[in-house]
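**Q** Here is a sequence together with a model predicted from it:
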Amino acid sequence: MDKEKILDVQDLTKEYQMGEVVVHALRGVNMELYAGEFVVILGPSGSGKSTILNIIGGIDTPTKGKVNYKGTEIGELDEKALTKYRREAIGFVFQFYNLVPNLTARENILLASELSDEAISVDDLLKEIELEDRGNHFPSQLSGGQQQRVAIARAVAKNPAILLCDEPTGALDVTTGIGALKVLRSFNRNYKKTVAIITHNKSIGDMADRVFYVKDGVIEKVVVNEHPMNPEEVNW
Ligand SMILES: Nc1ncnc2c1ncn2[C@@H]1O[C@H](COP(=O)(O)OP(=O)(O)OP(=O)(O)O)[C@@H](O)[C@H]1O
């Protein structure tokens, strides 16, 4: 069966006018995301990865080009519909976990689940991230890797179709980084969510179904892995 194309990105450009100089962050990006795929976006610093992710996620707008989500052009949505898209279709995970410090792990996840009518149960999520006995702990009482797992559960809680992750392992060491990748992979496989990860770490590409290589504001190459590795097999 053909995979469902969930997101179609066409000819995105993004320019910043910096005084006399125009910075071309994106120069015509085309990409397709398919339902249930685990996608890795690789590329050097400044190549445009975060810009792509932020535009896809509806938190930035392109200078030109289109993002089509399941048949809807997100550039044509009014503010209310765009907010709904951001809330319901997209989950974000960042390098620094951005948990609310005076809320427990459980409350951080619960807060996000209240944004959706189709939220995933917090107990299921705490189990999935192997922190079922730490739900009542505050972020400062958790390690970096544990906090990132809570941040991932929080992003998944509202049951979004697409999870966008900007350097989710950037602040973690190998062991805890692989722990975060395992959680992302299990959400991807168990809940059939599309997961897109930006990373500098080429070896993480080995666990992707599809790898996009970004260079100088364009997609230079797309590689499909017929046999993606398990997170624990990735040679960091
Ligand atoms: N607000 C802004 N104003 C001006 N230039 C910007 C702005 N945001 C991004 N840029 C420029 O756009 C280009 C792409 O930036 P982007 O953050 O998307 O790259 P990246 O591949 O995610 O980099 P990194 O891996 O270092 O995070 C860079 O040259 C950057 O300096």
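**A** Great, that's in hand.

**Q** Around the nearest residue to Arg27 once chain neighbours are set aside, how many other residues sit close by?
**A** Of all residues not flanking Arg27 in the chain, Gly217 sits nearest, at 3.9 Å (C-beta to C-beta, 6 or more residues apart in numbering). (Glycine included, C-beta is placed from N, CA and C.) Other residues within reach of Gly217, judged by other C-beta atoms under 10 Å, total 22.

**Q** ok, now the one 10 residues further on?
**A** The number of residues packed near His227 is 6, by other C-beta under 10 Å.

**Q** related to what we said a few turns ago, model confidence for the residue nearest to Arg27, exactly?
**A** Looking at Gly217, its pLDDT reads 97.

**Q** Can you pull the phi and psi angles for it?
**A** phi 80, psi 10 (degrees, to the nearest 10).

**Q** got the contact list for it?
**A** Thr13, Lys14, His24, Ala25, Leu26, Arg27, Gly28, Val29, Ser47, Gly48 (C-beta atoms under 8 Å, 6 or more residues apart in numbering).

**Q** and the residues you listed near the ligand, which?
**A** Among those, proximity to the ligand is found for Ala25, Ser47, Gly48 (C-beta under 6 Å from any ligand atom).

**Q** where does the residue most central in space within the chain fall, helix, sheet strand or coil?
**A** The C-alpha lying nearest the average C-alpha coordinate of the chain belongs to Leu164 (C-alpha atoms, centre = their mean; 1.4 Å). Put simply, Leu164 is strand when judged by DSSP: H, G, I helix; E, B strand; the rest coil.

**Q** Pull up the residues of this structure that are close to the ligand.
**A** Tyr16, Met18, Val23, Ala25, Gly43, Ser45, Gly46, Ser47, Gly48, Lys49, Ser50, Thr51.

**Q** try it again with 8 Å
**A** Applying C-beta under 8 Å from any ligand atom, we find that the chain lies next to the ligand at 14, 16, 18, 23-26, 43-54, 166-167, 198, 200, 214, 217.

**Q** In strands only, show me these.
**A** Lys14, Tyr16, Met18, Val23, His24, Ala25, Leu26, Asp166, Ile198, Val214 (DSSP state E).

**Q** correct me, but the first one touches Ser50?
**A** Yep, that's Lys14 we're talking about. No. If you go by C-beta atoms under 8 Å, Lys14 and Ser50 don't touch, sitting 10.7 Å apart.

**Q** which one of the two has more residues nearby?
**A** The neighbour comparison of Lys14 against Ser50 (other C-beta under 10 Å) goes to Lys14, with 22 against 17.

**Q** which residues does the more buried one contact?
**A** His24, Ala25, Leu26, Gly48, Thr51, Ile55, Asp60, Pro62, Thr63, Gly217.

**Q** Where does the prediction get shaky in the protein?
**A** 1 (pLDDT under 70).

**Q** need the strands for it, in chain order.
**A** Under DSSP E, the chain gives strands at 5-18, 21-34, 38-42, 64-69, 72-73, 90-93, 162-166, 194-199, 210-215, 218-224.

**Q** And Val29, how far from Ala157?
**A** Relative to Ala157, Val29 is positioned 29 Å away (C-beta to C-beta, to the nearest Å).
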